[in-house]
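In: got a predicted structure plus its sequence, pasted below:
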Amino acid sequence: MKKFFKEILLLIVAVFIVTNIISFLRAPKLKIDTIKYFPKNTQIVYFYTKWCRVCKMEKPAIDKVSKSLKVVSVDAEEKKELANIFKVKGYPTIFYIKNGKVLYADMGYTSAFMIKLKSTTLSLF
């Protein structure tokens, strides 16, 4: 019985990894030099709005992640030009950045664990 559960768990993890790799490969690549807009060592840019319920759910995860990663939070209503430059289509949107280049964008709720996992995984690229 334990072997069955281990196999199921491994299958779930494999599916999770494959879907993330596929979504990473299908993600639009933004050719934006983020150093023009944010500090040089920025790792995550988080676009949100005050009225968005999902953004309010995401806030604790962003706060938790900001203890170990350099996170810049942007109110998309106050900085509409910046949101347009980054082609933000929904809230919340998280951009993963390495060396001033956008590697990947995530829209919708993402847990703190997933943000850290994606940030460390994407830093390998």
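Out: Great, that's in hand.
In: which SS state does residue 96 fall under?
Out: Here residue 96 takes the strand state, with states given by DSSP: H, G, I helix; E, B strand; the rest coil.
In: straight-line length of stretch 62-73, end to end?
Out: Stretch 62-73 has an end-to-end distance of 9 Å (CA to CA, to the nearest Å).
In: who touches it?
Out: Stretch 62-73 is contacted by residues 38-39, 41-46, 48, 112, 115-116, 119 when judged by CB atoms under 8 Å, 6 or more residues apart in numbering. The C-beta positions use only the backbone N, C-alpha and C, and glycine is treated the same way.
In: 7 Å instead, please
Out: Contact partners of stretch 62-73, identified using CB atoms under 7 Å, 6 or more residues apart in numbering, comprise 38, 41, 42, 43, 44, 45, 46, 48, 112, 115, 116, 119.
In: how about the strands in this structure?
Out: Secondary structure of the chain (DSSP state E): strands at 44-48, 71-75, 93-98, 101-107.
In: does anything pack onto the third one? Which helices or strands?
Out: In this case it means strand 93-98. strand 44-48, strand 101-107, helix 112-122 (3 or more CB pairs under 7 Å, 6 or more residues apart in numbering; DSSP states H and E).
In: alpha carbons of it, as CSV, please.
Out: In CSV, the C-alpha atoms belonging to strand 93-98 read as follows (Å, rounded to 0.1, in the frame of the first residue of the first chain):
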residue,chain,number,x,y,z
THR,A,93,0.7,39.3,-11.9
ILE,A,94,4.1,38.2,-10.8
PHE,A,95,7.2,38.7,-13.0
TYR,A,96,10.3,36.6,-12.3
ILE,A,97,13.5,38.5,-13.1
LYS,A,98,17.1,37.6,-13.5
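In: now do it, average pLDDT.
Out: The average pLDDT for strand 93-98 rounds to 90.
In: likewise for the last one?
Out: The average of the pLDDT scores along strand 101-107 is 85.
In: what's it packed up against?
Out: On a contact count with 3+ CB pairs under 7 Å, 6+ apart, strand 101-107 meets strand 93-98, helix 112-122.
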